[in-house]
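A.B. asks: just coords:
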């Protein structure tokens, strides 16, 4: 006896579709909260610059460029954008016929793997190395700081573990995941010697103290050690994200 496509759709448990819609809403709300946190911190940072009494401290283009050069900021903004795209896709799929039970597009799956890795590593590095240390971004907004360094990373971890319709990714994606952090590290070290710090008025601005050779024992050799350690963390977390996609995805 043959079963029609309509009967197969009706017999399919509703939990999968409901889960897609629900998680899409979670993604959307989380993305908006992340963007609100980044925006609030940017407003405070620029406000501090406007009140500065020195030419270098009040140079808004440099202050904004420095703000956008934090790996945390870039990871949060990227994750928010990708989560919004994923939420829109999920809501469209959940609101339409689900006969094919589609998994997320490959491009979206790769982007989710990238931002999930970056956000999880951001949470780990901040809470192990940077919590309690003042960073060169002006006054820190407490709730925004926790959103970007704790809640956001936990949301992306939950996305890896719980999100429906995940795609199985190949191990070659790990190279894509690693590409942006490498570019960011090179950019940061080159740019540092070209920028006047708004705080000190001296050449040399580093977003994180473990990248500043004048602060790290051993100079650039010590900085290299930190970079290698973080690279290992990124590769390890990225491999874990891909492994989970292979376990959960289709």
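C.D. replies: That came through, no problem. Keep in mind that what you see is a predicted model, and the values were worked out from it rather than measured.
A.B. asks: how about the helices in the protein?
C.D. replies: For the chain, the helices defined by DSSP state H occupy 5-11, 15-50, 60-67, 71-94, 106-125, 142-146, 152-162, 173-192, 220-248.
A.B. asks: Counting by contacts, list what the shortest one packs against.
C.D. replies: I take that to be helix 142-146. Applying 3 or more Cβ pairs under 8 Å, 6 or more residues apart in numbering; DSSP states H and E, one finds that helix 142-146 makes contact with helix 15-50. The C-beta positions use only the backbone N, C-alpha and C, and glycine is treated the same way.
A.B. asks: Now for residue 106: which residues touch it?
C.D. replies: residue 167 (Cβ atoms under 8 Å, 6 or more residues apart in numbering).
A.B. asks: Against residue 116, how distant is it?
C.D. replies: Residue 106 sits 15 Å away from residue 116, going by Cβ to Cβ, to the nearest Å.
A.B. asks: who wins for proximity to residue 209 among the helices of the chain?
C.D. replies: Residue 209 sits nearest to helix 220-248 of all these, at 9.6 Å, using Cβ to Cβ.
A.B. asks: Determine the angle, from 0 to 180 degrees, between the closest one and helix 106-125.
C.D. replies: Using axes from the mean of the first three to the mean of the last three Cα atoms, to 10 degrees, the direction of helix 220-248 lies 130 degrees away from that of helix 106-125.
A.B. asks: could you give the mean pLDDT of helix 220-248?
C.D. replies: Mean per-residue pLDDT for helix 220-248: 94.
A.B. asks: ok so, going back, in JSON lines, list the helices of the chain along with distance to residue 213.
C.D. replies: Formatted as JSON lines, these follow (distance: least, Cβ to Cβ, whole Å):
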{"stretch": "helix 5-11", "distance to residue 213": "62"}
{"stretch": "helix 15-50", "distance to residue 213": "25"}
{"stretch": "helix 60-67", "distance to residue 213": "18"}
{"stretch": "helix 71-94", "distance to residue 213": "18"}
{"stretch": "helix 106-125", "distance to residue 213": "18"}
{"stretch": "helix 142-146", "distance to residue 213": "26"}
{"stretch": "helix 152-162", "distance to residue 213": "28"}
{"stretch": "helix 173-192", "distance to residue 213": "9"}
{"stretch": "helix 220-248", "distance to residue 213": "5"}
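A.B. asks: Can you flag the weakest of those helices by average pLDDT?
C.D. replies: Ranked by mean pLDDT, the helices of the chain end with helix 5-11 at the bottom, a mean of 43.
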